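>>> Give me a model of this one.
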Amino acid sequence: MFVKRLMQKAATSEFPLQAGSLKGSHLDPRLTLHYGIPATASILAYDPLQHLLAISTRDGRIKLFGGNGVEGLLQSNSQASSRFLEFLENRGILVHITTHNHIEIWSLEKRQLLQVRKWTTVITALATIPGSPFMFIGDESGAVSILEYNDDSKLLNRMPYYIPAQVVLGEITKFGDTGGPCVVSILPQPQSLCSRVVIAYANGLICLWGVHEAQVLAIRGGTEAQHKKLAIYTANGSEPSSSLRSTIDDENEKEICCACWACPVGSIVAVGYSNGDIYLWGIPTTSKGKGQTELEKSEGTFLSRKPILKLEVSQGIPRMPVVVLRWCTDEKDEAGGRLYAFGGHLMGCPEVLKVLPLNVLNGEFTEKGSSHLELPLRGSFSDMILLPSAASNSSAVAAAVLILTAPGQLDVYNELSITNFLKRPGGLSSASLPEPFPFKLPLTRSSVTAAKLAFLPADGTVAKTLFQIPIVFKSYVPPILKSGTKWPVTGGIANFGVPGREAEPRTVYITGHEDGAVNMWDVSSISMFHVASLEMQCHAESRSNRHSAISAINFCAATGLLAVGNQDGLVCLYTLSAELRETKCHFVNTRMEHSEKLFNCVAGLQCLASLDVHHSSIQCVVISHLTACLAIGDDSGLVSLFELNSFSLYYQGRCFPDSASSIVAIRLLRSTSAPSAPRKLALSESRHSGSIAYILAKDSSMTAVDLTAGGLGGSGPLQPRNPSIAVSMHLLDSSGAPATLISRIKQPISSSKDPTSGDRQFMLLVDSQEYLTTNIQRHEGHSLDDESGSSDSPIFSNNLLLLLCSEDYLRLYPAAAIAEGDRNTLRKVKLNGHCCWAELFESRTANAHGLVLLYKFGLIELRSLPDMELLKEQSLSLSLNWRFEPSLMSVKTLTCTAHGRIALIDREELIYLSLLVEENNLRLPSSLPHLYGEDVTAATNAAVTSPVQSVKRKSQIQDLLGGVRKELRSPVSSGDQLPENHGASELYKIFAAEPDFMSHSPTVSAESALDEAPVQSTRPRLEIDDINLEDDDVPSSSPSAASKTNIVKKLKKSLKGKRRNSHKDDLDDRHKLFEGGKPSVRSADEIKAAYGHRIPGEASTAAGLARDKLLERQEKLQTINKRTEEMQAGAETFASLAEELAKKMEARKWWEI
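Now for the predicted structure:
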């Protein structure tokens, strides 16, 4: 034991370890970029004006997609699951409600969270009002609140307007009862978005609420007992009898799960129930539109329990609840359309999305045929939406159907292809179902099984070649769908700056796929560009399948060579070329028969060799341009070493005859003076003098192969004590840097061509994989241009180190120990878990090197080299800000550049991380695409407001004329119609005050139902100076005769109230003057002020107020004069039109009117 310790101490003194110069301040593991759809995606939302698609997740993320190259990721620290997601249309604001009842307000322009508001009750419904900053919030107690987003303060404000369930449902829910039916859905009526809203409650009642009237306009659904209570409540407000109280317990309520509009005008609402039924209910509207059905007159317009239509989704029981309903209107015929429904199928049956074709025929809503289209799902259903067509004026006409399933799978159906399929004369069984297009990251069309990320300096030959190759951007979805429909998600502004610059460094990402395809991508900028794609090149007599999954990839950044191996044992070598040329391809089979064939190759990746010499899956391929060698290791332990130029075989054999362990890593090293050359290695002075291959097996066994002698070196394989599963192997110099050799280049790759320069630039090989460029000074006694000298000479010390990374340990050996068979380590570190991946990286600013480790449970460790001191440990979930557990496939795709940029693929997601504070090659965040288009907002607002002023006068006259003609034909009682629609400009005035019912219900406790007390406000008295002379307040239509009568009555009532209030004020003033029957004593200043005399010190203030008041009164008088002139002109126009109408009516008989 003493001898062994003494030998270990001597070995340690022979290879003294330096302290690593990498510090914790240099490290910052963080997420830099994210591509694809998260696996936890759950809810979809769409902004039809900005053309943006949003996807929220169950871990707090929100992913946004726009046009080509436009996508972004929003993350909150709460990491709570999403419950609702809605856009404030055309405002660049996204509203996100989590399961923790947090209302998050996101700014798309700044990509930041503006506000998080805590709601005290459980939020069960959310609806925004298009064209306004207002939104409805429904909760579990049945209350509906209104929130406003303020553009100035960038905050949400709660408005005093409030709709409690006690007012809507009457005696069904009493005041103070917190256990009322929850709000399931809130639907603003399409043609009266600012006046009507339908509220669906869980107890089966559907209520039409008048926002301006602050009262219920109609009720649909519910049980007979509920209707009796509602009838009593609406008739006289008295308590229901005891017999009616018991009836409600005897009849089961139908629980509502979802609702949506089933027509473009808002006269039909489709409701899905928990028992799998779907009912269509008629809703009163302000105007009769196409596709609107007549209401049932037998039960009146207020209460109705009879639906228009009941849809039979499936036969039998028990059935799943209907949880999602979406409606799409026919583009050519608004009377018909399709209802998309998920749910209603029998329990235990496969999940499908059903398409129900419906039509309005002779005033009745009917089904088109008896068959339903069923769209199969790829996974468990999450959500679905319809994207409106940009070519149609109606928002109810859809261009595409998006179906989201777990985990993170999004399918796109062209809605026109579904329509054409349903209209086939031969029935639904006459043709195949419409095929969806998967909304996928282009590089994940096929599952990625291997990947490599490589950095290319701008002045290298490979980077210049890459710049000359045409690159193409590939989008998630083609711009034109099947049947010629345009893809509507085109919002945002992309940033394509970096790939167009030749002087910039380049980064390529190479992916190998499950179907045998290989793709190369230029990832030098935020957007990924496709460079080339290929398939494995097989000989006609090859037994290998070119479509076998790719298992190993290696790219040499110095030469542009790409080696690819698949699971059938086939290895192909490619070169990157920008020329269209004829290329010679070498074929080698298992019998070592060599053949050649010429191919006409396009620019990109061109095949140089196809090596079919292995029978097992390839686990490791290594290209070394310094040793001119290609190394291959497979799953059975077989190793093959080929010469790159002639593809002749140097060595083939099983390096570990006593074990069939697979090959994990191969490192190639070349030097004229071999590092600590082992005694049994025969190193000649040939071209490959000193070329050694270090090989690592999965059971941590290591050995060395002499490329010159073609055999194993040293005493045979070396296996450490207490071996564990090997992860990686690296060669280091004494400073901890990757084993670096200098190779003299006759033509320096530096752009400077000055031969007198004292410094020359050379290429350094880093770990035989990547290279860096640096300025090397000329050493005394060594001429870099001396042709008699060796072409390769070591720049660092010959004392090389070998770092072995396994699941449980980090071991550092002298490189000579592999040949000597010495198991003694220079340093050994016990890890805190099972490591699954390890790689080296470099900090250029600190001139230091480090080691990154990833554990199976998701922990990242960062250590300095060569002392392997722990600098920082952080969970991958903390770096990404969402929960992440490494899977087998994600570990296989893990790759890291020498500058600490990591890329990994997890299912449909591509994730980039940076380990170093200094790493920012992508110039974040200035290079990120713009998610919000201010120009789009400005153009939309101009398009909406510009026609209003020019058409307003004409529309008023036409409405007046239409009203006269309608009254001449058939006068209609005002009680049979709902009040007219109001504009969005009046919403703030209405929502800023409490509804009228609040003053008549003193038993309502606002503090008990709200998370904060509403703002108290009183209605102002009518004054002359309060007259509003804005154009927005002018009504857009002329009132009918009945409406005029109502207006006169309201005016008289208001005037009476005015006089009554004035008299009451006089009495109050008299009471104040003579309190207790005795006059009160007043000061001299008070008496002077009462009679209009000035008070000393207040003269300037009074004068200023009087001046401001006079100017304001003058402006109002001018406006009144102008308005009077306009009204006179309108009256003259109206008189002429009325005269023309009278002349036409005189020629008609009374029965023609």
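>>> any low-confidence regions in the stretch 951-1100 of the chain?
951-985, 997-1100 (pLDDT under 70).
>>> if we go to 80?
Applying pLDDT under 80 to the stretch 951-1100 of the chain flags the ranges 951-985, 996-1100.
>>> The stretch 401-550 of the chain too?
423-432, 482-483, 495-505, 535-546.
>>> what does the stretch 701-850 of the chain give?
Ranges of the stretch 701-850 of the chain meeting pLDDT under 80: 707-716, 739-799, 818-821.
>>> Show me where it has its strands.
Remark: strands assigned in the stretch 701-850 of the chain by DSSP state E, counting those that start in this stretch are 702-706, 711-718, 726-732, 740-743, 759-766, 770-777, 792-793, 801-806, 809-814, 827-830, 835-843, 848-855.
>>> OK, contacts around Leu325?
Counting by C-beta atoms under 8 Å, 6 or more residues apart in numbering, Leu325 touches 258-260, 270-272, 278, 339-341. Quick note: C-beta positions are derived from backbone N, CA and C, even for glycine.
>>> Apart from its chain neighbours, what residue comes closest to it?
Cys260 (4.3 Å; C-beta to C-beta, 6 or more residues apart in numbering).
>>> Hmm, Val216 is touching Ile206, no?
No - in this structure, Val216 is not within contact of Ile206 by C-beta atoms under 8 Å, at 10.8 Å.
>>> Same drill for the two, tell me which one is more crowded.
Using other C-beta atoms under 10 Å as the criterion, Val216 and Ile206 rank with Ile206 on top: 25 against 20.
>>> Write down the beta-bridge partners of that one, one by one.
Ile206 forms beta bridges with Ala200, Arg220, as assigned by DSSP bridges.
>>> I'd guessed it sits against Leu187; true?
No - assessed by C-beta under 8 Å, Ile206 is found out of contact with Leu187, at 9.4 Å.
>>> between these two, what contacts are shared?
Joint contacts of Ile206 and Leu187 (C-beta under 8 Å, 6+ apart) are 198, 200, 259, 269.
>>> wait, doesn't the first one sit right on Cys207?
Yes - using C-beta under 8 Å, Val198 is in contact with Cys207, at 7.1 Å.
>>> Which of these two has more residues huddled nearby?
Val198 (24 against 21).
>>> Any idea how many residues pack against the residue nearest to that one when sequence neighbours are not counted?
In this structure, Val198 finds its nearest non-sequential neighbour in Leu187, 4.3 Å apart by C-beta to C-beta, 6+ apart. Close neighbours of Leu187, defined as other C-beta under 10 Å, add up to 21.
>>> Check Ala578 too.
14.
>>> can you check Gly24 too?
12.
>>> residues contacting Ser446?
The contact partners of Ser446, by C-beta under 8 Å, 6+ apart, come to 513-515, 517.
>>> Who does the closest residue to it other than its chain neighbours form a beta bridge with?
Spatial nearest neighbour of Ser446, chain neighbours left out: His513 (4.0 Å); criterion: C-beta to C-beta, 6+ apart. Beta-bridge partners for His513, by DSSP bridges, are Val448.
>>> about what we covered before: mind putting the contacts of Leu325 in TSV, secondary structure and neighbour count included?
Below are those laid out as TSV (DSSP: H, G, I helix; E, B strand; the rest coil; neighbours: other C-beta atoms under 10 Å):
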residue	secondary structure	neighbour count
Cys258	strand	21
Ala259	strand	23
Cys260	strand	20
Ala270	strand	26
Val271	strand	27
Gly272	strand	29
Ile278	strand	24
Leu339	strand	23
Tyr340	strand	25
Ala341	strand	28
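>>> would you turn those residues into CSV with distance to Gln409 and pLDDT?
Shown next, in CSV, are the contacts of Leu325 (distance: C-beta to C-beta, whole Å; pLDDT from 0 to 100):
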residue, distance to Gln409, pLDDT
Cys258, 22, 95
Ala259, 27, 95
Cys260, 23, 94
Ala270, 26, 94
Val271, 29, 95
Gly272, 23, 95
Ile278, 26, 93
Leu339, 23, 93
Tyr340, 18, 94
Ala341, 20, 94
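>>> Turn those into a markdown table, including distance to Thr40.
Shown next, in a markdown table, are these (distance: C-beta to C-beta, whole Å):
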| residue | distance to Thr40 |
| --- | --- |
| Cys258 | 22 |
| Ala259 | 27 |
| Cys260 | 25 |
| Ala270 | 29 |
| Val271 | 30 |
| Gly272 | 25 |
| Ile278 | 29 |
| Leu339 | 29 |
| Tyr340 | 24 |
| Ala341 | 25 |
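>>> Closest one of the residues you listed to Val323?
Cys258 (5.8 Å; C-beta to C-beta).
>>> mind listing what that closest one touches?
184-185, 271-272, 322-325.
>>> Mind doing that once more with 7 Å?
The contact partners of Cys258, by C-beta atoms under 7 Å, 6 or more residues apart in numbering, come to 184-185, 272, 322-325.
>>> got it, and Phe84?
97, 126.
>>> quick one, phi/psi of the closest residue to Leu931 other than its chain neighbours?
Nearest residue to Leu931, sequence neighbours excluded (C-beta to C-beta, 6+ apart): Leu108, at 4.3 Å. Dihedral pair for Leu108: phi -70, psi -30, per degrees, to the nearest 10.
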